[in-house]
Structure formats: structure tokens, C-alpha cells
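Asker: Show me the folded form of this:
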Amino acid sequence: MDIVIEIGKGFGRLFMNPLLYIAIICCLAIGHRRVQNERKWFNRQIHWGMYETVFLLKQGWRMALIFTIISLLLGFVLPPVYLVLVAIIMIIGLVSFYYHLASAVYGFGFAFVILWFTYVYDGSWTLGPWQVDALSMHQHLFMTVPFLLAIVLIIEGQLIKKYAAWNASPRYQKTDRGLKAVTYLAKRIWILPVFFLIPGSVIPDALPFWPRFNIGSETFSLVLFPVVFGFQQRARKELPATFYPKFGATVQLLGALVFIEALIAIFIPIVGLAAVVLAVIGRMLISILYSISERKGAFAVTPNKKGVVVVAVLPGSPAEAMGIQKGEVIRRVNGIPIHSEDELYEALQINAAHCRIEVLDTNDEVRIRQHVVFRDDHFRIGLIVLK
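Answerer: Model (predicted):
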């Protein structure tokens, strides 16, 4: 019964962490800015402005549960000062509004590096009620943090693979020949509330209400910490459905490499430092290399002489029900060849109750899609096409 009470108290501590509220505010800002840009380019919003905020916790709760189970089973004991540093670094990444910098890897990685430098140079400084000195760099962190970073990278890669493409927002851009083309920008924040153990004896006396329990002769406290995953990346040469899963898989591969080094660190603790460096530098390089790659070369979505190119599909629309995808080319509507948005909607009105669309998919294969539509209700079909 006591442990249940302590877990309940641990949940309450989540709402004391400013990181949670800053992440929510940033999500609201992302959605507001995205809607502004969509209305600027396409005269309508594609996704609801609260989309990012609604899915802030929803999309990652299963992975948060898995993360917590792993954390408690492996006994990840983290000093409070370390978690405070992690939170500060995550907040800096968020308020920079460059969500490339808001990956959880940087929070956990740089906090470790700060404690390591304090240890190496035998420094001493204060952080709130905590005294940070050489003793703050616990030996077990050389083994705990590499495993933690490996898990964070694998989870981050899965979030990117599964969800980054969902509401990647289209933007118009000029090609070298002056033609209109489209790029897609994904800006996302996810929060995974994860339970960590911290040494109960180091909780300041000023917080006597903080939950504590004993395992053998050791005293620990439970803290529910909001692990923030920020992501920002533009897709140009590939469609979002292809690009973001590839990006996420690369992040997961890095996580696997860090995990191997973490295993070695069990026997050779100093290898843990190399694992942390690999995780942080590797994650930076992934963002940089993918960004450079996507700035050059052809666009995935450009005008096509065969028909009208689909830029986006509105959620809940007939077009979505028909399975029409970004980047596909609509060649015929109700048997009529089309080459512009006006021709598309004129052809739709020929049959007031039903439409038949011939689509050329990204593999140059022809598909036929059919659905009920409504006369004079042009945009109910939910297509945004390249003008």
C-alpha cells in the first residue's frame, strides 16, 4: 500500500516541473504558427491548430510505460542534481524554438558532461539547494547514462518513424527554374512521463513531503520526470511518408551502437563517457547531414504534365477516405482529363452525388478511387493541389 501512495505522490511531482508547462506552451506556439503559414500559402488550415498539443502526451504513452518499466527494472538511480540539469537543458532547447536542439539526448547527454567536467576539474558550485562538486559525479552514472541514452535514441527514432509525417506542413518554394514546388516541415514535441529512482537521502530537508521508500538498506524516492522529445526537420527530395521513417531508423541505429558501448561500460566504466559522446555527437550529425541532403537535388512535389499534383489531404475528408496520398497525381475526374485546380473542381461538379478519380501514384501505377461528394461544396473533397 505504501508503494502505491508513493507512486501517487510521484505523479503529483510531475506537475511541479516547469518543463511540462514550457513544452505545452511551445506546442501551442507550433500549432499557431503552422496554421498561420498554411492559411498564408493555401488559404486554409490543414490540421487543427491544437493538433500538436493534443498529441503531446497521447502518442508516446505506451513508450513512456515501457521506458518506466525498463528504468525501474534496471534500477536507473539518478542524482536529483542531474535531473535538474537535464530539465534546464531541455528548457533551453525548447525556448530556443529550434527544435533540432530539443532532443532528449542533448538533455541527458550534456547534463552528464557538465557533471563530468565538474569532477575532472574538482570544481564546486551551487544549483538551487544542491551543492554540485566532484562527488556529484557518481561512478554508476558511467553505466546508467549510456543505457539511458540508448533507450532515449531508440524511442525517439520510433516516435519520428511513426508520427513525424502525420502533420508535416507543406510550404511553397521556388525551384532553380522558377517553378513552384513544395517542401514539408515537421515540428513536433512529445512528452514521455517516466519514473526514475533517486537516492532518498539526498532530497533536501526542505521537501519532507517527497515520497520515500526502502529497498533493503537503501532509501529511494520516486520522481515522475517529463522526458521531452523535440523534433524539427524539412523533407524536400522525398515525401514525408518515406523521409521521416528513414530518419527515425537512422536515429534507432545510433541507439543500437550506443547500447553496445553501454554494455562494454559495465566492465570498463570509462567507455561510458565515449558512449555519451557518441550519442550526442551522432544525433547532431544525423540532423545536420539529413538537412544538408534535403537542401539539394530535385523536389519530390513539383508540377506534372500528366495532371494535378496533390500537396495535402484534409483530415476526415472524402479524399482521405479514398486513400489519396501526398505527391500523387490526379489525371482524370469523372472521366475528364484535368491539368489545374479549376478543372479539378469543375469536373467534380459533373456528378453531384459521386466522383470517380483516376490517380497516378508515386510508383507511376494507376489507381481508381470513388466516393460520394456534394454539389457546390468544392473543398469537402479535401484536396490541396499544386497550383
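Asker: any idea how far the top strand by length along the chain is from the chain center?
Answerer: The residue-count maximum for a strand in the chain (DSSP state E) belongs to strand 180-199. Per C-alpha atoms, centre = their mean, to the nearest Å, the displacement of strand 180-199 from the mean C-alpha position of its chain is 3 Å.
Asker: and what of stretch 83-95?
Answerer: That offset, for stretch 83-95, works out to 16 Å (C-alpha atoms, centre = their mean).
Asker: got the CA positions of it in PDB?
Answerer: The C-alpha coordinates for stretch 83-95 follow below in PDB (Å, rounded to 0.1, in the frame of the first residue of the first chain):
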ATOM      1  CA  LEU A  83      17.700  15.600 -13.300                       C
ATOM      2  CA  VAL A  84      17.600  19.300 -12.600                       C
ATOM      3  CA  LEU A  85      20.400  19.900 -15.100                       C
ATOM      4  CA  VAL A  86      18.600  17.700 -17.600                       C
ATOM      5  CA  ALA A  87      15.400  19.800 -17.200                       C
ATOM      6  CA  ILE A  88      17.300  23.100 -17.500                       C
ATOM      7  CA  ILE A  89      19.000  21.900 -20.800                       C
ATOM      8  CA  MET A  90      15.700  20.700 -22.200                       C
ATOM      9  CA  ILE A  91      14.000  24.000 -21.400                       C
ATOM     10  CA  ILE A  92      16.800  25.900 -23.200                       C
ATOM     11  CA  GLY A  93      16.300  23.700 -26.200                       C
ATOM     12  CA  LEU A  94      12.600  24.400 -26.200                       C
ATOM     13  CA  VAL A  95      12.700  28.100 -25.700                       C
END
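Asker: list the buried ones in that stretch?
Answerer: Going by neighbour count (16 or more other C-beta atoms under 10 Å), the buried part of stretch 83-95 is Leu83, Val84, Leu85, Val86, Ala87, Ile88, Ile89, Met90, Ile91, Gly93, Leu94. Any C-beta I mention is one placed from the backbone N, CA and C, and that applies to glycine too.
Asker: Can you add pLDDT and secondary structure and give those back as JSON lines?
Answerer: Shown next, in JSON lines, are the buried residues of stretch 83-95 (pLDDT from 0 to 100; DSSP: H, G, I helix; E, B strand; the rest coil):
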{"residue": "Leu83", "pLDDT": "91", "secondary structure": "helix"}
{"residue": "Val84", "pLDDT": "91", "secondary structure": "helix"}
{"residue": "Leu85", "pLDDT": "94", "secondary structure": "helix"}
{"residue": "Val86", "pLDDT": "95", "secondary structure": "helix"}
{"residue": "Ala87", "pLDDT": "94", "secondary structure": "helix"}
{"residue": "Ile88", "pLDDT": "95", "secondary structure": "helix"}
{"residue": "Ile89", "pLDDT": "96", "secondary structure": "helix"}
{"residue": "Met90", "pLDDT": "96", "secondary structure": "helix"}
{"residue": "Ile91", "pLDDT": "95", "secondary structure": "helix"}
{"residue": "Gly93", "pLDDT": "95", "secondary structure": "helix"}
{"residue": "Leu94", "pLDDT": "95", "secondary structure": "helix"}
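Asker: Which parts of the stretch 251-387 of the chain are strands?
Answerer: Listed in chain order, the strands of the stretch 251-387 of the chain (DSSP state E, counting those that start in this stretch) span 308-313, 329-333, 336-337, 355-360, 366-371, 383-385.
Asker: The fifth one: which residues count as buried?
Answerer: The neighbour-count criterion (16+ other C-beta under 10 Å) identifies Arg369, His371 as the buried residues of strand 366-371.
Asker: pLDDT on the longest strand of the chain, on average?
Answerer: Averaged across strand 180-199, the pLDDT comes to 91.
Asker: try stretch 330-350
Answerer: Mean pLDDT, computed over stretch 330-350, is 86.
Asker: how about the CA coordinates for that stretch, as PDB?
Answerer: Only the C-alpha atoms of stretch 330-350 are listed here, as PDB (Å, rounded to 0.1, in the frame of the first residue of the first chain):
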ATOM      1  CA  ILE A 330      -4.800  13.200 -60.300                       C
ATOM      2  CA  ARG A 331      -5.200  12.600 -64.000                       C
ATOM      3  CA  ARG A 332      -8.900  12.300 -64.600                       C
ATOM      4  CA  VAL A 333     -12.100  13.200 -62.600                       C
ATOM      5  CA  ASN A 334     -15.300  11.600 -63.700                       C
ATOM      6  CA  GLY A 335     -13.600  10.600 -67.000                       C
ATOM      7  CA  ILE A 336     -12.400  14.200 -67.800                       C
ATOM      8  CA  PRO A 337      -8.600  14.900 -68.000                       C
ATOM      9  CA  ILE A 338      -7.600  17.700 -65.700                       C
ATOM     10  CA  HIS A 339      -4.500  19.900 -65.500                       C
ATOM     11  CA  SER A 340      -5.400  22.600 -63.000                       C
ATOM     12  CA  GLU A 341      -7.300  23.100 -59.700                       C
ATOM     13  CA  ASP A 342     -10.200  24.900 -61.500                       C
ATOM     14  CA  GLU A 343     -10.500  22.000 -63.900                       C
ATOM     15  CA  LEU A 344     -10.500  19.500 -61.000                       C
ATOM     16  CA  TYR A 345     -13.500  21.200 -59.200                       C
ATOM     17  CA  GLU A 346     -15.400  21.700 -62.400                       C
ATOM     18  CA  ALA A 347     -15.100  18.000 -63.200                       C
ATOM     19  CA  LEU A 348     -16.200  17.200 -59.700                       C
ATOM     20  CA  GLN A 349     -19.500  19.000 -60.200                       C
ATOM     21  CA  ILE A 350     -20.400  17.000 -63.200                       C
END
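Asker: State the pLDDT value of the residue nearest to Ala29 when sequence neighbours are not counted.
Answerer: If the residues on either side of it in the chain are set aside, Ala29 comes closest to Phe97, at 7.5 Å by C-beta to C-beta, 6 or more residues apart in numbering. On pLDDT, Phe97 comes in at 88.
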